[in-house]
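Visitor: fold the following and give me the result.
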Amino acid sequence: MALSERSAFSLLNRACCRPWVRDLPTDATVGLRQTQDRSDPGGRPRTSGDRMIKFLRGMFGGKASSGQNSDKTDGPLLKETAASVQWRAKDDPENPFDANGYDCLAFVRSMLSTTQDPAVANSYVAQRASDGRDRIGLFPPDTVALDCRLAYALDEAIEDGAVFKASHMEEKWDIYLHEDRLYFCRSWTGALSFVAHCTTTDNQLLITQIMASSSGTGMDYRHTVRQVDYLVRSHLMRQAIPHPLPAGMDRDPKAVGLFSFSQYGWVCCFGTFEETLRRDIRKAIDDAAPTEPAPTPPAPAE
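Guide: Alright, predicted model coming up:
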């Protein structure tokens, strides 16, 4: 029997829920302060249209292919059936979220990750055995500290170690918990992107500060906090929720799809430029899907 798209989202969300996490967190507020700012003269220029697509493909070292497996091609490969990214308004009955955005679930699931570089492949394999202890005490380069308050309800305490490990190259993140810090690392290279200071109890995970790399005076610190919140909710808590899109990127659906796959792989399903910290962003698909109060809006940087 064919499932509607909303039913597919619902089943995906239920199938992915971890036993030690409740279906939805109960609180999230954020008041941000940039405590350090270092300019990055090598900051990434903004791209658009075909340039954006070419740039994103270049991140993988090759071009996309529509179902033709070539031993000379690196990067994202489309499977046999090429899917498209669909724009969906919040009032679209096929949109399970109360936000305008891009349905990229079918698109990212039609992609495969490949590499011809033995160093990248060896790095990915080596990262599978890591428990993250070698990251203890490390921070991303040119670090800035972002104060926040992101709270998540738990059903039981989380133990130190790997709390999420990519099981294949189409999953882009490894996440570790050690000594009240969450370490968010890229799964292919092990590069450390974020460190979140947190406290955990038997029933709550609370993040109070995020350490991230500065991208200069124009750094979108709100997007960084949204990224970390998304990674916790989608990877640790296994919720099917929208992922944040950076405000400056092109609105071209294919560019959105490639960016989403490069950032989150098969885990993501729906990208939006709207606020993703709100806990009522999912529509009530059925009576078992609760809603949450919206968080306090981000405070401007001092």
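Visitor: and residue 260, what is it in contact with?
Guide: Residue 260 sits next to 102, 104, 107, 108, 243, 245, 268, 271 when contact means CB atoms under 8 Å, 6 or more residues apart in numbering. Bear in mind the C-beta positions are built from the backbone N, C-alpha and C, glycine included.
Visitor: now a PyMOL select for only the buried ones of those.
Guide: In PyMOL, a selection of the buried entries from the contacts of residue 260 looks like this (16 or more other CB atoms under 10 Å):
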select buried, resi 102+104+107+108+243+245+268+271
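Visitor: of the contacts of residue 260, which belong to strands?
Guide: 102, 243, 271 (DSSP state E).
Visitor: need those in JSON lines with distance to residue 230, can you?
Guide: What follows is these, written out as JSON lines (distance: CB to CB, whole Å):
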{"residue": "102", "distance to residue 230": "15"}
{"residue": "243", "distance to residue 230": "5"}
{"residue": "271", "distance to residue 230": "10"}
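Visitor: still on that earlier bit, can you put the contacts of residue 260 in JSON lines and add distance to residue 179?
Guide: What follows is the contacts of residue 260, written out as JSON lines (distance: CB to CB, whole Å):
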{"residue": "102", "distance to residue 179": "38"}
{"residue": "104", "distance to residue 179": "36"}
{"residue": "107", "distance to residue 179": "38"}
{"residue": "108", "distance to residue 179": "34"}
{"residue": "243", "distance to residue 179": "28"}
{"residue": "245", "distance to residue 179": "33"}
{"residue": "268", "distance to residue 179": "29"}
{"residue": "271", "distance to residue 179": "33"}
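Visitor: low pLDDT regions in the stretch 201-302 of the chain?
Guide: 216-218, 285-302 (pLDDT under 70).
Visitor: what about the helices in it?
Guide: 221-231, 253-264 (DSSP state H, counting those that start in this stretch).
Visitor: turn those into JSON lines, columns for distance to residue 95.
Guide: Converted to JSON lines, those look like this (distance: least, CB to CB, whole Å):
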{"stretch": "helix 221-231", "distance to residue 95": "18"}
{"stretch": "helix 253-264", "distance to residue 95": "15"}
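Visitor: which one of these lies closest to residue 208?
Guide: helix 221-231 (11.5 Å; CB to CB).
Visitor: what is the orientation angle of the closest one with helix 253-264?
Guide: Interaxial angle of helix 221-231 relative to helix 253-264 (axes from the mean of the first three to the mean of the last three CA atoms, to 10 degrees): 70 degrees.
Visitor: which elements pack onto helix 221-231?
Guide: strand 143-153, strand 192-200, strand 204-213, strand 243-244 (3 or more CB pairs under 8 Å, 6 or more residues apart in numbering; DSSP states H and E).
Visitor: so which bits of the longest one are buried?
Guide: Neighbour-count burial for strand 143-153, with 16+ other CB under 10 Å as criterion, is recorded at 144, 145, 146, 147, 148, 149, 150, 151, 152, 153.
Visitor: likewise for the third one?
Guide: If you call a residue buried by 16+ other CB under 10 Å, then strand 204-213 has these buried ones: 204, 205, 207, 209, 210, 211, 212, 213.
Visitor: from those residues, pick the one nearest residue 277.
Guide: Nearest to residue 277 among the buried residues of strand 204-213, counting by CB to CB, is residue 207 at 11.8 Å.
Visitor: contacting residues around the closest one?
Guide: Per CB under 8 Å, 6+ apart, neighbours of residue 207: 148, 149, 150, 151, 182, 196, 197, 198, 228, 232.
Visitor: report the beta-bridge partner residues of the third one.
Guide: Spelled out, that is residue 150. Listed by DSSP bridges, the beta-bridge partners for residue 150 are residue 28, residue 207.
Visitor: circling back: which one of the ones in strands among the contacts of residue 260 is nearest residue 281?
Guide: residue 243 (11.1 Å).
Visitor: on that earlier part again, so which of the helices and strands packed on helix 221-231 is nearest residue 126?
Guide: Here strand 192-200 is closest among those (CB to CB), at 15.1 Å.
Visitor: show residues contacting the closest one.
Guide: 135, 138-140, 154, 157-158, 177, 180-186, 205-213, 224, 227-228, 231.
Visitor: can you list the strands that that strand pairs with?
Guide: Applying DSSP bridges, one finds strand 192-200 paired with strand 181-186 (antiparallel), strand 204-213 (antiparallel).
Visitor: turn these into a markdown table, columns for distance to residue 249.
Guide: Listed next are these as a markdown table, based on distance: least, CB to CB, whole Å:
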| stretch | distance to residue 249 |
| --- | --- |
| strand 181-186 | 19 |
| strand 204-213 | 18 |
